[in-house]
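# The following comprises the amino acid sequence and a computationally predicted model.
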Amino acid sequence: MFSLIYRSVAKESFIDSDIYKMLSDARDFNAEHHITGCLLYHDRKFLQLLEGEKPKVISLFNAIESDPRHQNVTVLRTEEREDRIFDRWSMAFYDYGNLRLSAQHKLGQIDRFFEASKAFEKSSKLTNDYFGEVREILLDSAL
């Protein structure tokens, strides 16, 4: 099992309603190709963890990297794993909308979200990095 985490920034032309079309397409594609993962989109920032067979994940990431809807695509970590972190989700997603919630409220919501996924039970450097990035994005926009 191969896992990859990347971060990027939405271009100005990408509007919030575009996320749902993109998410629907991603879920269909991922289910067909046995790719699972989690996507965070908040304040124009994307953070995604993808997992599956290495050639399929690399191919998908190459398509994501060339997608004109975002920029500054940066791989944060790759890892070979025994099992999936998000084994039941073709693409987990949580929408904060445009609400300016407190950092504490956001972190509480995301903790409940990840607890439901059982991802906390599969702790590794990969999950620690992913959750650290999630917190950074959420805390940065809450300040």
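On my side now, so go ahead. Residues are numbered from 1 along each chain as shown.

# Mind jotting down where the helices sit in the chain?
Ranges of helices in the chain, per DSSP state H, are 18-32, 54-65, 103-117, 125-142.

# Would you convert these into a markdown table that also reports distance to Leu40 and mean neighbour count?
Every C-beta, even on glycine, is put in place using the N, C-alpha and C of the backbone. Listed next are the helices of the chain as a markdown table, based on distance: least, C-beta to C-beta, whole Å; neighbours: other C-beta atoms under 10 Å:
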| stretch | distance to Leu40 | mean neighbour count |
| --- | --- | --- |
| helix 18-32 | 11 | 14 |
| helix 54-65 | 14 | 15 |
| helix 103-117 | 8 | 15 |
| helix 125-142 | 6 | 17 |
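
# quick one, which of the ones you listed is nearest to Arg44?
helix 125-142 (9.3 Å; C-beta to C-beta).

# check contacts around the spatially closest residue to Lys45 that is not a sequence neighbour.
The shortest distance from Lys45 to any non-neighbouring residue, by C-beta to C-beta, 6 or more residues apart in numbering, is to Ile137 (5.2 Å). Listed by C-beta atoms under 8 Å, 6 or more residues apart in numbering, the contact set of Ile137 reads 40, 42-43, 45, 47.

# Now which of those residues would you call buried?
40, 42, 45, 47 (16 or more other C-beta atoms under 10 Å).

# For those, point out the one with the lowest pLDDT.
Least confident entry in the buried ones among the contacts of Ile137, by pLDDT: His42, with 81.
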